[in-house]
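I'd like to go over a predicted model; first the sequence, then the structure.
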Amino acid sequence: MTPLACYLLVAALMFSIGLAGALTRRNAILVLIGIELMLNAANLNLIAFWRYGPHPEKLTGMIFAIFSIAVAAAEAAVGLGLVIQIHRHAHTTDIDAMDRMKG
Amino acid sequence: MSFIFYVLTALTVAGALAAVLLKNTVHCALALSVAFTGMALLFLNLDAQFAGFAQFMVYVGAVAILVVFAILLTKGSETPTGGVFSRTWLMGLVIAAGVFAVLGWAVMGSMKALPQLTAVPQVTVLQIGNALVGRYVLPLEIVAVLLTAAMIGAVIVALHERSEVAKEGQK
């Protein structure tokens, strides 16, 4: 196996773990943790393709990963703010209990 | 692949699994910071020093602390009575396993088409800085606006509403 394929497999595994966490946990904060893990896996893909791609001196993948990290930080701040506000209204962070809009 | 790669992969995957599977939410946050650290070390192993240190500062330094704050503010460390996993956990697990199978199949299938270059790219922080204020200056400005908007938005969303505070005062 080439090094790039190894990194891509690790990224796929991390993405799946994050997805499993986001889909199976009941606590909204744990769902956000799963989403962060998925974003991290995507960044690992970008960096691996930058490192083993034909034009690493153009820095495209690296810069993409840096911007992705910045956007993920913004997403985490807003998401956790939303979780805190939901907890204030509904006194729970259990997403199975948040079914007020269910038909 | 080198020995270091396997050690870092084991650390990262173990941290991610613990973050997803542990019962106590605070333990999950600590395991999450382990996974983030492993990911930053993987970036360093890929000769992406700048991205590795950015990952370390942003995720281990900021996001993990934010998660711990959110857990403590929402009393999320108490284990709920109905278990920590959702009612539809089996469906979620099947979907995640299916996604991993498809991704793994795609990587294995395209193995021959993947580039095999191993020359270490010589990238200095000076070059990254020049690229950020040269070719990528517009995305940089947009990210600056986005971060400002997200900061203000997070403060407004998490702020106590004034009427709510007044009501609590009357009680």
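Okay, I see it.

on the three-state scheme, B:Gln127 is what?
helix (DSSP: H, G, I helix; E, B strand; the rest coil).

I figured it was touching A:Met62, is that so?
No: counting by CB atoms under 8 Å, B:Gln127 does not reach A:Met62; the two are 9.6 Å apart. Every C-beta, even on glycine, is put in place using the N, C-alpha and C of the backbone.

out of the two, which sits in the busier spot?
Applying other CB atoms under 10 Å in any protein chain shown to B:Gln127 and A:Met62 shows that A:Met62 carries more neighbours, namely 27 against 14.

contacts only, for the more buried one.
A:Leu46, A:Ile47, A:Trp50, B:Ala48, B:Phe50, B:Ala51, B:Val123, B:Ile128 (CB atoms under 8 Å, 6 or more residues apart in numbering or on different chains).

that one and B:Gly134, how far apart?
According to CB to CB, to the nearest Å, A:Met62 stands 14 Å off from B:Gly134.

so where is chain B shaky, pLDDT-wise?
B:76-82, B:161-171 (pLDDT under 70).

pick out the residue of it closest to chain A.
B:Gly92 (2.8 Å; CB to the nearest CB).

mind listing what's buried in whatever helix or strand that residue lives in?
Using DSSP states H and E, the element containing B:Gly92 is helix B:89-109. Of the residues in helix B:89-109, B:Trp89, B:Gly92, B:Leu93, B:Ile95, B:Ala96, B:Val99, B:Phe100, B:Leu103, B:Val107 count as buried by neighbour count, 16 or more other CB atoms under 10 Å in any protein chain shown.

any idea how far whatever residue of chain A ends up closest to chain B lies from A:Ala73?
Per CB to the nearest CB, A:Leu23 is where chain A lies closest to chain B, at 2.8 Å. According to CB to CB, A:Leu23 and A:Ala73 sit 23 Å apart.

higher neighbour count, these two?
A:Ala73 (23 against 19).

these two touch, right, the more buried one and B:Val63?
Yes: using CB under 8 Å, A:Ala73 makes contact with B:Val63 at a distance of 6.3 Å.

isn't B:Val133 up against B:Leu140?
Yes: shown here, B:Val133 and B:Leu140 form a contact pair, counting by CB under 8 Å, at 7.0 Å.

just the element for residue 68, please.
As the question left the chain open, I've gone with chain A. Using DSSP H and E, A:Ser68 sits in helix A:60-90.

let me rephrase: I mean chain B.
Assigned by DSSP H and E, B:Val68 falls in helix B:64-73.

buried sites along that helix?
For helix B:64-73, using 16+ other CB under 10 Å, the buried residues are B:Ala64, B:Leu66, B:Val67, B:Val68, B:Ala70, B:Ile71.

closest one of the buried residues of helix B:89-109 to A:Ser16?
For the buried residues of helix B:89-109, the closest approach to A:Ser16 (CB to CB) belongs to B:Phe100, at 3.6 Å.

which residue packs closest to the closest one, ignoring adjacent ones?
A:Ser16 (3.6 Å; CB to CB, 6 or more residues apart in numbering or on different chains).

which stretches in chain B count as helices?
B:3-21, B:25-45, B:49-55, B:64-73, B:89-109, B:125-133, B:137-158, B:162-170 (DSSP state H).

of these, which is nearest A:Pro54?
helix B:125-133 (17.5 Å).

quick one: residues in contact with the closest one.
A:Glu57, A:Leu59, A:Met62, A:Ile63, A:Ile66, B:Gln49, B:Phe50, B:Leu140.

having no further points to raise, I will conclude here.
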